[in-house]
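In: Make a model of this:
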Amino acid sequence: MDLARKEGVLGQDPLLNQCFDSVAYAQHHMAKYGLSTTDHGYAARNGQEIIYEYSQPEQGPEMTM
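Out: So this is what the prediction gives:
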């Protein structure tokens, strides 16, 4: 609903706010801008090959016995 309010689709009308399908609106918005869901949020394609890059956790001092 925040997206619809931000874009001026929803106003002060409480009936419209109750009837508004925010899931369908968000799905339409994602399709319109070519967004895909990921484990971390949303991603947009720029036409190039997807390259997955992951950082390695820092190696700190370890204790052994």
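
In: Can you report phi and psi for S36?
Out: Per-residue torsions, S36: phi -130, psi 150 (degrees, to the nearest 10).

In: who's in contact with it?
Out: Going by C-beta atoms under 8 Å, 6 or more residues apart in numbering, S36 touches 30, 42-45. Any C-beta I mention is one placed from the backbone N, CA and C, and that applies to glycine too.

In: ok, those residues vs D13, which is closest?
Out: Nearest to D13 among the contacts of S36, counting by C-beta to C-beta, is M30 at 25.1 Å.

In: and that closest one, which of the three is it?
Out: Here M30 is helix, with the state taken from DSSP: H, G, I helix; E, B strand; the rest coil.

In: Tell me the spacing between the residue nearest to it when sequence neighbours are not counted and N17.
Out: Spatial nearest neighbour of M30, chain neighbours left out: Y42 (7.2 Å); criterion: C-beta to C-beta, 6 or more residues apart in numbering. For Y42, the distance to N17 equals 24 Å [C-beta to C-beta, to the nearest Å].

In: Between those two, which has more neighbouring residues?
Out: Higher neighbour count among Y42 and N17: N17, with 14 against 10, using other C-beta atoms under 10 Å.

In: Provide a list of residues in contact with that one.
Out: Applying C-beta under 8 Å, 6+ apart to N17 gives the contacts 1, 10.

In: how about the strands of the chain, start to end?
Out: Remark: strands assigned in the chain by DSSP state E are 35-37, 42-44.

In: Indicate each strand paired with the last one and its parallel or antiparallel sense.
Out: According to DSSP bridges, strand 42-44 forms sheet pairs with strand 35-37 (antiparallel).

In: Residue ranges in this structure under the pLDDT threshold?
Out: 45-47, 50-62, 64-65 (pLDDT under 70).

In: Centroid-nearest residue for it?
Out: Geometric centre of the chain, nearest residue: Y42, 3.7 Å, by C-alpha atoms, centre = their mean.

In: That residue is in contact with Q27, isn't it?
Out: No. Counting by C-beta atoms under 8 Å, Y42 does not reach Q27; the two are 12.0 Å apart.
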